[in-house]
Each structure stands twice: as C-alpha cells, then as structure tokens.
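Undergrad: following is a predicted model, sequence given first.
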Amino acid sequence: MSKVIGIDLGTTNSCVAVMENGEPMIIPNSEGGRTTPSVVGFAKDGERIVGEAAKRQQAVNSDRTILSIKRDMGSDRRIRIDGKSYTPQEISAMILQKLRRDAESYLGEKVDRAVITVPAYFTDAQRQATKDAGRIAGLEVLRIINEPTAAAFAYGLDHGQAQKILVYDLGGGTFDVSLIEIGDGVIEVLATSGDNHLGGDDFDERIVDYVISEYKKNEKVDLRRDTAALLRVREAAEKAKRELSTQLKTDIVLPFLMQDKNGTHHLEMSITRAIFDELTHDLVERTCGPVNQVMTDAALQMSALSQVLLVGGSTRIPAVQEMVKRLTGKIPAKTLNPDECVAMGAALQGEKLSAGSGNGMVVSSAAQNVILMDVTPLSLSIETVGGISTKIIDRNTTIPTRHSQIFTTAAPFQTSVDIKVLQGERHFARDNKLLGNFRLSGIRRAMAGVPQIEVTFEIDANGIVKVTAKDLGTGNQQAITISSTTNMSEDEIRRAMEDARQYEAWDRERKEALETRNEAESLVFETEQALSKDKTCDKETKKQIKEQVSHLRKALGKTKPDSITKTEADELARLSEQLKSAASALHPEP
C-alpha cells in the first residue's frame with residue numbers, strides 16, 4: 001500500500017512531508033523549494049498554474065490569480081474564471097493536486113492517502129470543506145488534524161518527558177493557540193482558541209497601507225488606482241516584513257512602478273522595525289486574548305507551562321516573540337522549523353494511522369505508541385424556545401465524543417420539531433453560526449412537555465459533527481451529518497473530482513507534448529551541429545538530412561511552446577523519428 005503523506009495546507013504557503021526510515025522528511029516541490037506558495041493562476045489559454053509559477057505571474061495576471069483561498073474555506077464565495085465558477089474547495093484542491101504530484105515524483109510511486117491539517121479554530125464547515133478539497137484532489141483524507149496538535153506531535157516525540165506546552169501558531173491567514181499536555185505516550189489538547197482572520201497577510205497589509213499613504217502624501221499619486229503597481233507594492237511589503245525580522249531597517253525600491261499623464265513614477269522608501277512595530281502593534285496584541293483564554297479554560301497559570309512552541313512563519317516577527325515572552329514568562333523554544341513542523345506532525349500521524357490499517361508497514365515505535373487526544377474548538381448547541389442557544393457539547397471537549405440531552409415540545413399536540421444545529425459561544429442562537437438544520441416528524445400527539453426527544457451530538461476524530469434526534473415515544477428518528485449550506489453537495493464533489501481528473505490528464509498530455517517539442521528542438525540543433533562538423537557523408541545523404549531538418553523546423557514554427565496540441569506533438573514525434581533515421585549516417589567528431 002502507498003505511503004501516507006502529511007499536508008500543511010496553508011494560507012500563504014503549503015508544505016508536504018512523509019515518513020522515511022522512521023523520521024518525518026519534508027518533500028521538496030518540483031521547483032526545489034521546501035514550501036509551495038498557496039497560489040493558483042489561470043493563464044489566458046486556460047492552463048492552471050500553481051505555486052511559485054503562479055505567484056510570479058500575478059502582477060501581469062492579477063484578475064486570474066487567487067491567493068489566500070484558505071480564508072474562504074467553508075464560505076459561499078465563488079471565483080469566476082472564463083465563465084466557470086470555482087468554490088474554495090476546488091481552488092484548494094488544485095494546490096493539493098500539485099503537492100500530491102510533487103510527492104509522487106519524489107517517492108516514485110502513486111500517492112492517494114493523506115493527513116491534512118487545519119487551524120484548531122476552524123469551524124465544522126471549514127473542516128468539511130478541507131476534507132472535500134482532499135477528495136477532489138484524488139486523496140483519501142485519513143484524518144483532519146489541528147495544526148497546533150500536529151506541531152506538538154512533531155515536538156513531543158523528541159521531548160517525551162511529561163510537560164504542558166503552549167503552541168502559539170501565527171500563520172499567513174489564521175491564528176491558533178493550544179494548550180497541550182504531553183504525558184506517558186499521550187498528547188492531550190487541554191484547550192484551544194484563536195482567530196481565523198488574523199495572520200501574516202494582515203501584517204503585510206499594514207505595510208502596504210503605510211507605503212501607499214506616504215507615497216500619496218509625498219508624490220500626490222494614489223497607487224491603489226493601478227492594479228499592477230499595487231501588486232508590486234504587496235510583494236515588496238511581504239519581502240520587507242521578512243527582512244525586518246532580522247534587520248532594523250529595510251529599503252523598498254520599485255523603479256518604473258507606474259506611469260500616468262505626468263510621466264513615470266518610481267518608489268524608494270525606508271521602513272524601520274520601529275515603524276513596523278508601531279503599525280502592527282494592535283495585531284500582535286490581538287493574539288493575547290486567545291492565549292489568556294486557553295489558560296483560563298484549562299484553569300492553569302502561566303507558571304504551569306513547561307515550554308512555548310512557535311509555529312507559523314509570522315512568529316519570526318521579533319515583536320511577536322517579545323510579546324509571547326512577556327505574556328508567558330517563557331523564552332519560546334526554537335527546536336522546530338515553524339514553516340515545516342506542522343507537515344511533519346501530520347506525516348507522523350499518517351504513519352500511525354497507516355499502521356492501524358494493518359498494511360504491514362514498519363512504524364517507528366515513537367509514532368506508534370503516542371496517542372493524540374484533540375478537542376473541539378467551539379461549543380455545539382441547538383436552538384430552543386426564545387431563540388436560546390442550548391449547549392450540548394462545550395468547547396474544549398476531548399474528541400471523538402458523544403453527548404445526548406432530552407428535550408420536549410413547546411406547544412400542545414405538536415407532531416414535528418425543527419432542529420437547528422449551532423456552533424459558537426453566544427447566548428442567543430442568532431449570534432452563533434448555523435451549521436445545519438433538519439426536521440423530526442411523526443411525534444405522537446400530546447400536551448406540551450409530554451413527548452421526550454433525545455438529541456445526540458457525535459464528533460468524530462476529524463472534528464466533523466453528526467446530530468441525531470429521536471422521539472423516545474414512537475422511536476422515529478432523523479439524523480444529519482453536518483454539511484453547511486455553503487459547502488458542496490455530494491454531486492458537486494463528484495463533478496469536481498471528475499473535472500480534476502480530466503484536467504490532470506490534460507496537463508499530463510500537455511507536459512508530454514512540451515517534452516516532445518523540446519526533444520525535437522534539441523534534435524534539430526544537434527543534427528545541424530553534426531552536419532557542420534561531418535567530413536565523411538556524401539552530398540546526397542547530407543541533402544536528405546537537411547531536408548528532414550527543414551521539415552522539422554517548419555513543424556516547430558507552427559507550434560507555440562505554451563499551447564502545443566497532442567496532434568502537433570504527434571507530428572513532431574513522427575518527423576523527429578524520420579530525422580533520427582536519416583541522420584544515423586552522421587558520425588560527428590568527438
């Protein structure tokens with residue numbers, strides 16, 4: 001059976017890992033990088049570009065380039081390209097497909113199973129959407145695991161002593177904090193909190209706003225009116241943020257940034273770390289609330305912490321590190337690479353699950369003996385009389401779990417009830433997120449308060465919810481596996497999977513066609529070089545070879561490198577074979 005890969009599907013960058021010789025290893029992408037930009041672009045000819053190539057072309061193709069799609073997972077956002085509407089799941093699946101292909105190329109075998117990580121504070125809808133994205137990408141998602149938990153898993157195997165650790169995860173688009181206890185073969189999440197709309201992208205945006213504001217003040221030019229200029233400023237802002245993590249000052253230099261009736265405009269500006277810290281102070285402070293919340297939920301003082309782990313690229317920001325140190329009283333550990341540890345933890349979990357499937361794989365004893373005990377990040381409830389949100393499962397309950405509660409009717413002779421499933425901490429139902437609803441019918445007619453209706457919530461190891469309502473008098477029962485109305489139906493998922501397979505086949509054919517063209521170009525060059533050096537062939541043979549070279553050159557001139565068809569590739573292959581045959585008489589000098 002194929003290996004299980006661990007995927008950190010990130011807002012800004014994604015990473016994939018696999019277990020080799022009992023150790024988690026990061027799989028490099030086809031460009032040689034250890035992380036892959038979570039960017040998808042659509043070329044004018046319809047080609048899908050993912051990763052570094054998509055990021056490079058966004059300045060000239062901004063309206064057909066999608067970034068930070070993770071922030072829209074579980075929402076009803078749709079991206080329209082060339083008349084077709086794409087869900088966040090489908091865009092995410094394109095990123096996952098590239099990661100899967102890179103893994104297959106690295107491992108030399110087919111990959112069809114994965115553990116995918118999500119922010120701990122992801123809602124049920126967002127978890128469902130992530131799992132759907134994996135299915136569309138052709139992956140069997142064995143487990144959805146929380147990012148801080150995955151990081152703790154990667155950390156805990158080398159630090160097996162009993163301890164309580166705080167995992168502070170500030171990524172490109174989301175922030176999570178989890179309090180985790182590592183004991184004898186058990187990694188247990190005690191509490192989790194976070195903010196799904198806070199991350200490195202927000203820090204970048206503060207620099208963008210500052211640069212545009214200063215430039216407008218000094219040059220009287222609004223860079224937001226020029227899309228290409230704005231994208232260049234965004235790229236420079238991200239670069240400046242990274243540089244300010246190691247330097248006290250950085251320069252943003254963007255020559256020929258834009259042109260208008262007044263001429264060409266250039267940008268040159270310096271930003272100090274002090275300015276950056278001032279611009280982002282409130283963002284850093286926003287992370288304090290969730291940190292304090294998890295400690296309160298676990299009824300622990302900061303002094304009980306043994307260690308603090310920093311996860312996510314944005315934790316490299318010095319102000320973030322200083323705030324964590326000030327708040328917790330601990331110097332954060334630097335034993336883990338914040339960009340890679342989540343994927344490595346997912347790979348470890350994948351190996352453990354693979355061993356559990358009885359496939360005969362040899363599993364490292366460290367991974368095999370560790371038990372992960374995660375929690376649900378938000379409370380689950382149903383709406384009751386008066387619009388009240390009545391909790392069935394409290395947040396930070398260890399999963400998988402199952403809780404039941406008895407309810408009754410509010411009106412006499414009521415024969416049906418509507419069950420509205422909610423997620424959140426607010427007192428009134430309207431203030432929480434509606435995950436789904438269904439109706440239980442066939443209740444025996446009786447006075448209000450007589451029927452007994454048992455509502456049961458089940459949360460599986462992926463954090464996905466199933467709700468059942470049963471009339472204990474009649475035995476009638478209705479159930480729903482929560483699939484938010486903003487998520488994709490089973491038919492939509494199947495269609496998206498088929499589209500993904502068709503595109504992958506088309507992409508493979510296109511790659512083979514491009515390789516054929518490249519081989520033909522090389523053959524023409526090599527043959528012409530050999531002809532110029534040859535002193536043994538007769539004139540008739542040389543004439544025949546030159547004719548074949550000419551035919552192949554003309555065929556190459558009719559094909560475009562970026563959009564070669566299979567028919568054109570087949571013709572190039574045929575002409576190449578003829579040229580090889582004709583050129584076999586050549587014996588170039590060494």
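TA: Structure received.

Undergrad: count the neighbours of residue 103 for me.
TA: 23 (other C-beta atoms under 10 Å). Any C-beta I mention is one placed from the backbone N, CA and C, and that applies to glycine too.

Undergrad: scratch that, residue 411 is what I was asking about
TA: 10.

Undergrad: what strand or helix carries it?
TA: Remark: residue 411 resides in no helix or strand, with elements defined by DSSP states H and E.

Undergrad: same check, this time on residue 296
TA: Short version, using DSSP H and E: residue 296 is in helix 288-297.

Undergrad: after that helix, next one along is what?
TA: Helix 288-297 is succeeded, C-terminally, by strand 307-311 (DSSP H and E).

Undergrad: residue 124 contacts residue 435, correct?
TA: Yes: counting by C-beta atoms under 8 Å, residue 124 does reach residue 435; the two are 5.3 Å apart.

Undergrad: still on that earlier bit, report the backbone C-alpha coordinates of the helix holding residue 296 in CSV.
TA: Extracted in CSV, the C-alpha atoms of helix 288-297 (Å, rounded to 0.1, in the frame of the first residue of the first chain):
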residue,chain,number,x,y,z
CYS,A,288,-3.1,38.0,23.7
GLY,A,289,-6.8,37.4,24.2
PRO,A,290,-6.8,33.8,22.9
VAL,A,291,-3.7,33.0,24.8
ASN,A,292,-5.3,34.1,28.1
GLN,A,293,-8.5,32.3,27.1
VAL,A,294,-6.9,28.9,26.8
MET,A,295,-5.2,29.3,30.2
THR,A,296,-8.5,30.3,31.8
ASP,A,297,-10.3,27.4,30.1
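
Undergrad: show me what it is in contact with.
TA: Outside helix 288-297, the residues within contact range by C-beta atoms under 8 Å, 6 or more residues apart in numbering are 166, 168, 175-179, 190-195, 301-302, 323-324, 327-328, 395-396.

Undergrad: what is the burial count for residue 152?
TA: 31.

Undergrad: surely it is in contact with residue 167?
TA: Yes: using C-beta under 8 Å, residue 152 is in contact with residue 167, at 5.6 Å.

Undergrad: which neighbours do the two have in common?
TA: Counting by C-beta under 8 Å, 6+ apart, the residues touching both residue 152 and residue 167 are 178, 180, 309.

Undergrad: now these: which count as buried?
TA: Among the shared contacts of residue 152 and residue 167, those buried by neighbour count (16 or more other C-beta atoms under 10 Å) are 178, 180, 309.

Undergrad: where in this protein is the helix or strand with the lowest mean pLDDT?
TA: Scoring the helices and strands of the chain by mean pLDDT, DSSP states H and E places helix 365-369 at the bottom, with a mean of 50.

Undergrad: thinking again about what came up before, name the residues of the helix holding residue 296 that are buried.
TA: Here helix 288-297 shows 290-291, 293-295, 297 as buried, counting by 16+ other C-beta under 10 Å.

Undergrad: could you pull up the residues touching residue 245?
TA: Residue 245 touches 316-318, counting by C-beta under 8 Å, 6+ apart.

Undergrad: I meant to write residue 251 there.
TA: 268-271.

Undergrad: just to be sure, which of the contacts of helix 288-297 are found in strands?
TA: Among the contacts of helix 288-297, the members falling in strands (DSSP state E) are 166, 168, 175-179, 190-195.

Undergrad: generate CSV for the residues you listed, with pLDDT as supplementary columns.
TA: Formatted as CSV, those follow (pLDDT from 0 to 100):
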residue, pLDDT
166, 94
168, 94
175, 92
176, 90
177, 92
178, 91
179, 92
190, 91
191, 90
192, 90
193, 89
194, 88
195, 88
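
Undergrad: dump these to a markdown table, plus distance to residue 354.
TA: Formatted as a markdown table, those follow (distance: C-beta to C-beta, whole Å):
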| residue | distance to residue 354 |
| --- | --- |
| 166 | 30 |
| 168 | 30 |
| 175 | 31 |
| 176 | 26 |
| 177 | 30 |
| 178 | 25 |
| 179 | 29 |
| 190 | 28 |
| 191 | 29 |
| 192 | 26 |
| 193 | 31 |
| 194 | 29 |
| 195 | 33 |
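
Undergrad: so which of the residues you listed comes closest to residue 345?
TA: Of all the ones in strands among the contacts of helix 288-297, residue 178 has the smallest distance to residue 345: 12.1 Å, by C-beta to C-beta.

Undergrad: picking that back up, now the element after the least confident helix or strand of the chain, going C-ward?
TA: In the C-terminal direction from helix 365-369 (assignment by DSSP H and E), the next one is strand 371-375.

Undergrad: what's the next helix or strand after that following strand in contact with?
TA: On the C-terminal side of strand 371-375, the closest following helix or strand by DSSP H and E is strand 380-384. Contacts to strand 380-384, defined as C-beta under 8 Å, 6+ apart, come from residues 389-393, 407, 419-424, 429, 432, 435, 455, 457, 459, 465, 467.

Undergrad: so which of these are in strands?
TA: 389-393, 407, 419-423, 435, 455, 457, 459, 465, 467.
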